[in-house]
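Enquirer: got a sequence here, can you build the structure:
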Amino acid sequence: MHLIRAVCLLLCLAVPAWAAPAATAPPPATASTAVRPLDLSDLAAPVFANFSARDGLPEQVLVDVRTDRQGFVWAASPQGVSRYDGRRWITEADPAMAHPVSSLFVDRSGILWAAFRHHGLAHHDGQRWRVENATTGLPFDQVRRFAETVDARGQATLWATSWTGGLMLRRQGRWVADPGNATLPRSMTLSLANTTTIGGARRQWVGSGSHGLWYREEGHSDWTQWRADDVNVAQVESLVTTTDADGEALWMSVFGVGLMRLDARGMQRWTQGKGDLPTNQLYDIATTPLANGKRAIWVASRSGLLRVHDGRVQVFDRRHGLASDVIRGLNAWRSPSGSEVLWLATEAGISRTVLEGSAWSTASLMGARSVGVFGVLVEPDGHGGEQLWVGSSDEGLGLYQAGRWQRFSADSGHLPSNGISMIRSLPDATGAGRTLWLGTWGGDLLRIDEGPRFDRMATPWPKLNGQSVQDVLSRTVDGHDELWAGTRLSGAWRLRDGRWMEMRAPGIDGQWRVSQMVEQRDRTGHAWLWAATDRGLARFDGRAWTLFDQSTGFPDDQLSGLRLYPDARGRPILWMGSASVGIIRVDIGDATRPRVLPANLPPAPDPYTYGALRAPDGRVYVCSNTGVQQLTADGKGGYTSRAFNRRDGMVHEECNGSAQFIDAHGRFWTGTLGGLAVYDPARATADTQPKPLRIVGMHVDGVPKPGAALRVPAGATTIDVEFALLSWDHEAESRFRTQLVGLENAPTPWTAQPSRSFSALPPGDYTLRIEARDHAGNPSTPVDIPIHVAAHWWQQAWAHAAAVLALLLLGYVAAWARTRVLRAQHDALEQRVAERTAELDAANARLLDLSYRDALTGLANRRRLLETLERTPAGSIAALVFFDVDHFKELNDRHGHPAGDEVLRRIVQAMSTCTPSGALLARYGGEEFACLLPGMTTAGAGDVAERMRAAVEAMRVQIPDGMQDARVSISAGVASRVLHTPEDRQRLLRDADIALYQAKDAGRNCVRISAG
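Expert: Next comes the predicted model:
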């Protein structure tokens, strides 16, 4: 073995592959060396926002979603339809709409249609729904889907397909049966589209529920089956026609078969069996335009959202942030600002992504099941483009090249380990080429050659558990080529003249970490080597190391991410990350006397930082444990700061060391615990589009009042006006202010409250002026609502004058009479008031207690929990545990609801014995419970959750029928967060919910801790 290692070492040294690296960031590519940047639209995942029952959606499967002409978003479910007003989802209260809805559709005139599973259809006229069914002359009541075709004259026709077979079309405001229905098969008609050139003529196409694809020439009534072996008896769920640079194509999702594309060249297929798709269970199709004139095809499936472009399929699922892996319906919509917005109806809520709407993208999910990405490199691919290397914690090495991923791992025999700790590109000995180096968890160092081939170098440092190569550096000193390696447990090593030597700093015994190194050439040409270590900043002068640590006045000993950049005056400045004080900068203009610069940078999102990278445009990116900071020079010697996290599109907020990179186009790449994220400043366009401000409801004494003006009858006591800003992105940052002109001299302050209420306004005429601005500060066009408050007869001027005269005449008589009555009644009245006040106080206390308590279990209810969370002091830490009773529906179905109620009561008894003092245990809904633990971290909350889980598992519940005992278990998700803003409280709820889903996915009867 030693002989083999020696031979390998000699072979590696035969052709030196290193030279002195530059001390600063690589210069931007020139015109002669410019390469095409990686296409992020093909590589990266969209950024998703999710909406669930907590946002007002029904707790049911969502089957479709559409945006109407006013900008409101509608979702369809078995419960009916729900509308999103930019802040919350509200289920339609009209009883005529309380039926299962199959699909939604917006026609060319902007009318929104809803198809009922058994009760006909309806359309929304902008104010209310109007229902049509068999009683109003509809040919059939079981409506599946709508479609619209355009004939050769440009005339549009609206169609409806049926669950029971056949089509109907709308003519002159009425629905009539299609004359060709008799030639269609007697099964569901699921989809319809038309083409202009496929088959050499204008055609209409119908997708059948069990008899495949049918077509007819325009102007003919009879239908003919399209013959294709794998489609003849298939369920053609959706049909979409596209026309782009590739010509006209008919796309079809064939449930259980796959995705198909029919064009002038024939049929192209993507299936699970060929490895193209994760599933053949496909639903809806939508398309969006691409910059190259082609179209992206989006497909809803039971294994996530599929994106098809140039024949390649990408899959996005819950790992990318979707609400569910099961997508039932989708809708592509262009916003007034020109952004393509994709809405998804899933089995766990609604998801939304603004395509190209975020400068952040998820480039890879490698390592997401462990601790993420630890190596990233973008380099020219030798063919005018670029390729991407990604090293993960447990899935080996990935290479993205020419639109395809290749994976290299220990399992494939390419690597000694699946854990990658570092990827570096160093200049070779000639200076004309580059050599790639790969470090692994386990301590191996590999050189990547053409092929790629992976040559494992013979290295002397111990291969201990937790060992890894953190950095490599090449340089030439006194005519000798040197390769330096920094390791996680064994410090620095140098390869020179064919021999490795440990370069240990004086005074260091045992393990020490060298995370990154840079070389500095001073004005005399002397070479200095600087290293970020866990013992402080280390300097190598050619003979020995010198350490600068806290004992010598250095701010922190735990350092990482070392970079050397000149300042505005050309002085060399070291930028490095630290474990406790953020970014540290050191002036090494005089390398013999390094000088720590004042800590006057804007604070990073977290004091634990992994160094800084400077882009060609001068911006500096700082990675931390809770997000990325972007520093922009302010022209005055300082920097302005902007912080990014998951709300901005990052796949995860916690960065990993050694996994940051600036490519030739100024894009910032960072490895995180959740995968690889990339920030493209070219996509960080300013939002300057004003958003529509809409009135969503006006009520007088609780009664809805339609119209643009508000007439308030005499005697009315309350006026409520609700409004919404339809921003479709960052809705939580929308702000509103109002002014009741005629009563108020100035507008109210800007707030997030989208409503205004008034009580007992004096009679008269007013105007309620409503203003709004979106997250980018764009003001919307104000909305004015005229309000007329009518007066009682006795509030008019003549009545006032008469009342004054009557009072003058009767004043004296009334005064002495009333005085006597009041004196007589005073004592009795005072006693009755005291008694009545005591009764009301007691009743109010009982009602308040009932409003905050769950009747079945006696616990606090969801309202009590959420209000307690809202009152948690800002800046304090709190933990939240979500519990869910495993298989509770099966227990209810088997033993009945009385048994289920007894189980819930016994579970509460078991959990209550484990609830700490000061915690709040609440029934969140159904079989779901929550425990709020103020002041507790995830570790402590995890212990509490585990005790509760064990207590429930240990108990036995006697079923009321006395036949048997039931055994039950619970799953729990734990999250903790420092609460500064309302958004932090929402994130705490979301993180605990995600952890609960992870516990269920892990097999139930377990506790999972949120990684967020």
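Enquirer: now residue 880: how far from residue 863?
Expert: Residue 880 sits 16 Å away from residue 863, taking C-beta to C-beta, to the nearest Å as the criterion. Any C-beta I mention is one placed from the backbone N, CA and C, and that applies to glycine too.
Enquirer: who has more neighbours, those two?
Expert: Between residue 880 and residue 863, counting by other C-beta atoms under 10 Å, residue 880 is the more crowded of the two (27 against 13).
Enquirer: next, the contact list for the more buried one, please.
Expert: 869, 930, 931, 932, 933, 941, 974, 975, 976, 988, 989, 992 (C-beta atoms under 8 Å, 6 or more residues apart in numbering).
Enquirer: which of these fall in helices?
Expert: 869, 941, 988, 989, 992 (DSSP state H).
Enquirer: just to revisit the earlier point, which pair in the contacts of residue 880 spans the largest distance?
Expert: Using C-beta to C-beta, the two most remote members of the contacts of residue 880 are 869 and 974, lying 15.1 Å apart.
Enquirer: give me the neighbour count for residue 786.
Expert: Residues near residue 786, counting by other C-beta under 10 Å: 14.
Enquirer: let me redo that: residue 546
Expert: Using other C-beta under 10 Å, residue 546 is surrounded by 15 other residues.
Enquirer: list the single closest residue to it in space, sequence neighbours excluded.
Expert: The spatially closest residue to residue 546, leaving aside those adjacent along the chain, is residue 539, at 4.8 Å (C-beta to C-beta, 6 or more residues apart in numbering).
Enquirer: where does the one you found land in three-state SS?
Expert: The three-state label given to residue 539 by DSSP: H, G, I helix; E, B strand; the rest coil is strand.
Enquirer: distance of it relative to residue 519?
Expert: Taking C-beta to C-beta as the measure, residue 539 falls 11 Å from residue 519.
Enquirer: give the residues shared as contacts by these two.
Expert: The overlap between the contact sets of residue 539 and residue 519 (C-beta under 8 Å, 6+ apart) consists of 528, 529, 530.
Enquirer: can you pick the most crowded of those?
Expert: Neighbour max across the shared contacts of residue 539 and residue 519 (other C-beta under 10 Å) = residue 530, 24 neighbours.
Enquirer: in the stretch 701-850 of the chain, which spans are strands?
Expert: 703-704, 710-712, 718-725, 735-741, 755-759, 764-773, 783-789 (DSSP state E, counting those that start in this stretch).
Enquirer: how about the last one: buried residues?
Expert: Put plainly, it is strand 783-789. Buried residues in strand 783-789, counted by 16 or more other C-beta atoms under 10 Å: 783, 785, 787, 789.
Enquirer: cool, and the fifth one?
Expert: By neighbour count, with 16+ other C-beta under 10 Å as the criterion, the buried positions of strand 755-759 are 756, 758.
Enquirer: and that strand, what does it pack against?
Expert: In terms of contacts (3 or more C-beta pairs under 8 Å, 6 or more residues apart in numbering; DSSP states H and E), strand 755-759 is packed against strand 718-725, strand 735-741.
Enquirer: need the winner for burial among the ones you listed.
Expert: Per-stretch averages of neighbours, counted by mean count of other C-beta atoms under 10 Å, single out strand 718-725 among those, with a mean of 21.
Enquirer: show me what it is packed up against.
Expert: On a contact count with 3+ C-beta pairs under 8 Å, 6+ apart, strand 718-725 meets strand 693-700, strand 710-712, strand 755-759, strand 764-773, strand 783-789.
Enquirer: looking at those, which is nearest to residue 295?
Expert: Using C-beta to C-beta, these put strand 693-700 closest to residue 295, at 31.1 Å.
Enquirer: what are the ranges of the strands in the stretch 301-450 of the chain?
Expert: 304-309, 312-316, 327-334, 340-346, 349-355, 360-364, 373-380, 386-392, 397-401, 404-408, 420-427, 434-440, 445-449.
Enquirer: mean neighbour count added to these, as TSV?
Expert: Below are the strands of the stretch 301-450 of the chain laid out as TSV (neighbours: other C-beta atoms under 10 Å):
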stretch	mean neighbour count
strand 304-309	22
strand 312-316	18
strand 327-334	21
strand 340-346	24
strand 349-355	23
strand 360-364	25
strand 373-380	24
strand 386-392	25
strand 397-401	21
strand 404-408	14
strand 420-427	24
strand 434-440	23
strand 445-449	20
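Enquirer: what is the neighbour count of the closest residue to residue 443 other than its chain neighbours?
Expert: Nearest non-adjacent residue to residue 443, counting by C-beta to C-beta, 6+ apart: residue 467, 3.7 Å away. Neighbourhood size, residue 467 [other C-beta under 10 Å]: 19.
Enquirer: ok so, going back, indicate which one of the helices and strands packed on strand 718-725 is closest to residue 560.
Expert: Among the helices and strands packed on strand 718-725, strand 764-773 sits nearest to residue 560 (C-beta to C-beta), with 40.7 Å.
Enquirer: relative to strand 755-759, how tilted is that closest one?
Expert: In terms of direction (axes from the mean of the first three to the mean of the last three C-alpha atoms, to 10 degrees), strand 764-773 departs from strand 755-759 by 160 degrees.
Enquirer: got any ranges where the stretch 701-850 of the chain has weak pLDDT?
Expert: Within the stretch 701-850 of the chain, the ranges that satisfy pLDDT under 70 run 795-797, 799-800, 812, 814-815, 818-819, 822, 824, 826-830, 833-834, 836-850.
Enquirer: let's have the strands of the stretch 301-450 of the chain in JSON lines, adding distance to residue 578 and mean pLDDT.
Expert: Listed next are these as JSON lines, based on distance: least, C-beta to C-beta, whole Å; pLDDT from 0 to 100:
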{"stretch": "strand 304-309", "distance to residue 578": "40", "mean pLDDT": "95"}
{"stretch": "strand 312-316", "distance to residue 578": "36", "mean pLDDT": "92"}
{"stretch": "strand 327-334", "distance to residue 578": "44", "mean pLDDT": "95"}
{"stretch": "strand 340-346", "distance to residue 578": "41", "mean pLDDT": "95"}
{"stretch": "strand 349-355", "distance to residue 578": "36", "mean pLDDT": "92"}
{"stretch": "strand 360-364", "distance to residue 578": "25", "mean pLDDT": "92"}
{"stretch": "strand 373-380", "distance to residue 578": "19", "mean pLDDT": "96"}
{"stretch": "strand 386-392", "distance to residue 578": "24", "mean pLDDT": "96"}
{"stretch": "strand 397-401", "distance to residue 578": "29", "mean pLDDT": "95"}
{"stretch": "strand 404-408", "distance to residue 578": "34", "mean pLDDT": "93"}
{"stretch": "strand 420-427", "distance to residue 578": "20", "mean pLDDT": "94"}
{"stretch": "strand 434-440", "distance to residue 578": "22", "mean pLDDT": "94"}
{"stretch": "strand 445-449", "distance to residue 578": "27", "mean pLDDT": "95"}
